[in-house]
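Student: no FASTA, just this:
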């Protein structure tokens, strides 16, 4: 926004007053805002509602102004020619709406019957129930009742890691410490050339993988898992019902829509759309994906890729050309879009996925996949990139029993912390410049554990709690305590990153699995050039959930056939070890045809006319 005459953009909001008036009266009238008793902002909202309703004898000159932030006063309260104060209504209403938005985010204002904007207490275990079962919740989380005991445990963990790194600094050729500047530099990892045996094995497997249509892949996996039964009407287990369900999953997951699927398959549009509208719900699609994941995780070859102990979380952006609330501008897309935030297990299976607006930082959603995947996999370590972590999220993960391992961009700019300033390290002291504030943890320990226990009990999702905590205008005591704990966790993670080359390579390898999984999803979601045109948030959930079913079905099908091919190759005398095999991903797709079949009727193709010698 351009600046006004006084250098402030707020002076120009009167240009938007006409646009604001199109929705502000209805917004204030219909939304059940809840204010603290005798709130100045609440009085202002009531005044404006009465004025909008045409209250008789109501003069705008009497509008309350005691709620106005200082930055707004000089634009709202003006002086007339006589030097008397007058109010600028084109500035007053935007000031009120802006302040209302800020107070809503901070929790000072709530909305009745809203899940996201309700009183923060509604997210948590009720205090009466917490008092009765407090000890039980601490035991379930394996946390001590006393904050000082937790601080001692935290300090011991930090000291153990720091001591080990300190001893190995002289032998660490990748790490350079500048004691005078208090800086460190970590050399980039050198690429490791893959042996020719990996390329040879991949080519052998790709040549032997059977060519198959995507529909046949799904049919094969359904014959083994019966996942399509989740989409059938009660008592409707006939073959044609399963066919319609299969067509609907392909239509939505491949993003071609029910109409084009009907044209390509010869099925009836209303039969496909009936299943898509009524039986492909978020719950049934999740259940189907869980069945496929649990089946695939029992395939022997899946253990070559990973045992489900780790996962990676990363976002993939989709272009959305229409204006919906869930889509916003993305600098990556150079346009409006939405992010598919997905958790991929170490065995390449898509455990969890959800659409989020591009404007939101992905960190708040990092824990959702760990808490809500509901599969037999049990990942305890989650690898993310820089956008997938904050100190508060790292603390929350640790208190829940998980480890967040982010690949941090510009790691040299991060502050490392000590909990005890009496501890000294000859090599690391110059870069351990921060100090943890234990009193912030002590003061909010019980309330912090109450928040964590509420997440553990799945009363509320981690993303919802962390977004609300992070949006407070004045920092919440729980937020401050989590920040301090997170700084310890971040310091431990960075020290391990500086110290251990294998740790860094493992981090990159797991994140690359997530990136490669995105490539398979792009391949499968080919319809409409990968553009999402659904007008509701639920349409995006629908598409991404179906895409997850397709992704996991392809991975499971590939695992089955790769296992059979490797068994045959070994029987033929090929020496194939598991380490080499682990580099041949089950995301292979050259042998799969996701498109419809095209039939060319030779009887209908016009035969060439015989050419005469005179007219060649």
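Tutor: Cool, the structure landed. None of the values given here were measured: they were computed from a predicted structure.

Student: any low-confidence regions in the chain?
Tutor: 1-11, 55-58, 325, 473-474, 607-616 (pLDDT under 70).

Student: for it, which helix is longest?
Tutor: Longest helix in the chain by number of residues (criterion: DSSP state H): helix 537-571.

Student: output the contacting helices and strands for whichever helix or strand comes after it.
Tutor: Tracing the chain past helix 537-571, the next element assigned as helix or strand by DSSP states H and E is helix 578-581. With contacts defined as 3 or more C-beta pairs under 8 Å, 6 or more residues apart in numbering; DSSP states H and E, helix 578-581 has these neighbours: helix 196-208. Heads up, the C-betas are built off the backbone N, CA and C, glycines and all.

Student: surely residue 248 meets residue 275?
Tutor: Yes. Using C-beta atoms under 8 Å, residue 248 is in contact with residue 275, at 4.1 Å.

Student: mind listing the shared neighbours of these two?
Tutor: By the contact definition C-beta atoms under 8 Å, 6 or more residues apart in numbering, residue 248 and residue 275 are jointly contacted by residue 231.

Student: identify the residue nearest residue 249 in space, chain neighbours excluded?
Tutor: residue 546 (5.3 Å; C-beta to C-beta, 6 or more residues apart in numbering).

Student: please report the distance of the one you found from residue 111.
Tutor: 32 Å (C-beta to C-beta, to the nearest Å).

Student: quick check: the residue nearest to residue 249 touching residue 280?
Tutor: Yes. In this structure, residue 546 is within contact of residue 280 by C-beta under 8 Å, at 6.6 Å.

Student: between the two, tell me which one has more neighbours.
Tutor: Comparing residue 546 with residue 280 by neighbour count (other C-beta atoms under 10 Å), the higher total belongs to residue 546, at 25 against 22.

Student: how about the helices in the stretch 51-200 of the chain?
Tutor: According to DSSP state H, counting those that start in this stretch, the stretch 51-200 of the chain carries its helices in the segments 70-76, 89-106, 127-141, 147-168, 196-208.

Student: so which of those is the most surrounded?
Tutor: For the helices of the stretch 51-200 of the chain, the largest average neighbour count (mean count of other C-beta atoms under 10 Å) is found in helix 89-106, namely a mean of 19.

Student: just checking, what packs against that one?
Tutor: Partner elements for helix 89-106 (3+ C-beta pairs under 8 Å, 6+ apart): helix 17-20, helix 24-30, helix 40-52, helix 70-76.

Student: confirm residue 422 sits in a strand?
Tutor: No. Under DSSP: H, G, I helix; E, B strand; the rest coil, residue 422 sits outside any strand and is assigned coil.

Student: tell me how far it lies from residue 155.
Tutor: Residue 422 is 11 Å from residue 155, where distance means C-beta to C-beta.

Student: same question for residue 78.
Tutor: Computed as C-beta to C-beta, the residue 78 to residue 155 distance reads 58 Å.

Student: tell me the contacts of the nearest residue to residue 434 once chain neighbours are set aside?
Tutor: The spatial neighbour of residue 434 that comes closest, neighbours along the chain excluded (C-beta to C-beta, 6+ apart), is residue 417 at 3.9 Å. Contact partners of residue 417, counting by C-beta under 8 Å, 6+ apart, are 432, 434-436, 487-488, 490-491.

Student: max pairwise distance over those: which two?
Tutor: 435 and 490 (14.0 Å; C-beta to C-beta).

Student: these two - which one has more neighbours?
Tutor: residue 490 (23 against 14).

Student: pretty sure the more buried one contacts residue 414?
Tutor: Yes. Counting by C-beta under 8 Å, residue 490 does reach residue 414; the two are 7.0 Å apart.

Student: quick one on the thing from earlier: where helices are concerned, which of the contacts of residue 417 count?
Tutor: Under the assignment DSSP H, the contacts of residue 417 contribute 487-488, 490-491 to helices.

Student: from the opening residue of stretch 371-387 to its closing one, how far?
Tutor: Taking C-alpha to C-alpha, to the nearest Å as the measure, stretch 371-387 stretches 19 Å from start to finish.

Student: hang on, the earlier thing: what is in contact with residue 546 and residue 280 at once?
Tutor: 249, 252.

Student: circling back: of the ones in helices among the contacts of residue 417, closest to residue 258?
Tutor: residue 490 (47.5 Å).

Student: quick one: the closest one from residue 502, how far?
Tutor: 20 Å.

Student: what bridges to the residue lying closest to residue 421 once chain neighbours are set aside?
Tutor: Closest residue to residue 421 apart from its sequence neighbours, by C-beta to C-beta, 6+ apart: residue 435 at 5.9 Å. For residue 435, the beta-bridge partners are residue 418 (DSSP bridges).

Student: what residues are up against residue 435?
Tutor: Contacts of residue 435 (C-beta under 8 Å, 6+ apart): 417-419, 421.

Student: now the buried members of these.
Tutor: Burial by neighbour count, 16 or more other C-beta atoms under 10 Å: within these this picks out 417-419.

Student: TSV for those residues, including distance to residue 104?
Tutor: Below are these laid out as TSV (distance: C-beta to C-beta, whole Å):
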residue	distance to residue 104
417	33
418	38
419	36
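
Student: what's the closest of those residues to residue 168?
Tutor: residue 418 (18.5 Å).

Student: isn't that closest one right up against residue 432?
Tutor: Yes. Proximity of residue 418 to residue 432 meets the contact threshold set by C-beta under 8 Å, at 5.0 Å.

Student: returning to that earlier point: from the contacts of residue 435, which two are the most distant?
Tutor: 417 and 421 (10.2 Å).

Student: distance-wise, check the residue nearest to residue 249 relative to residue 279.
Tutor: Per C-beta to C-beta, residue 546 is found 12 Å from residue 279.

Student: same question, residue 379
Tutor: 30 Å.

Student: ok, residue 141 next?
Tutor: Counting by C-beta to C-beta, the gap from residue 141 to residue 279 is 38 Å.

Student: before we move on, back to that, the longest helix of the chain packs against which elements?
Tutor: Helices and strands touching helix 537-571, by 3+ C-beta pairs under 8 Å, 6+ apart, are helix 196-208, helix 214-225, helix 239-253, helix 282-297, strand 335-345, strand 350-357, helix 501-524.

Student: out of the ones you listed, which gets nearest to residue 553?
Tutor: Between these, helix 214-225 lies closest to residue 553; by C-beta to C-beta that is 4.6 Å.

Student: what helices or strands is that closest one leaning on?
Tutor: With contacts taken as 3+ C-beta pairs under 8 Å, 6+ apart, helix 214-225 sits against helix 239-253, helix 282-297, helix 537-571, strand 592-593.

Student: excluding sequence neighbours, find me the nearest residue to residue 279.
Tutor: residue 231 (4.4 Å).

Student: oh sorry, the question was meant for residue 306
Tutor: residue 346 (2.7 Å).

Student: which phi and psi values does residue 381 adopt?
Tutor: phi -120, psi 130 (degrees, to the nearest 10).
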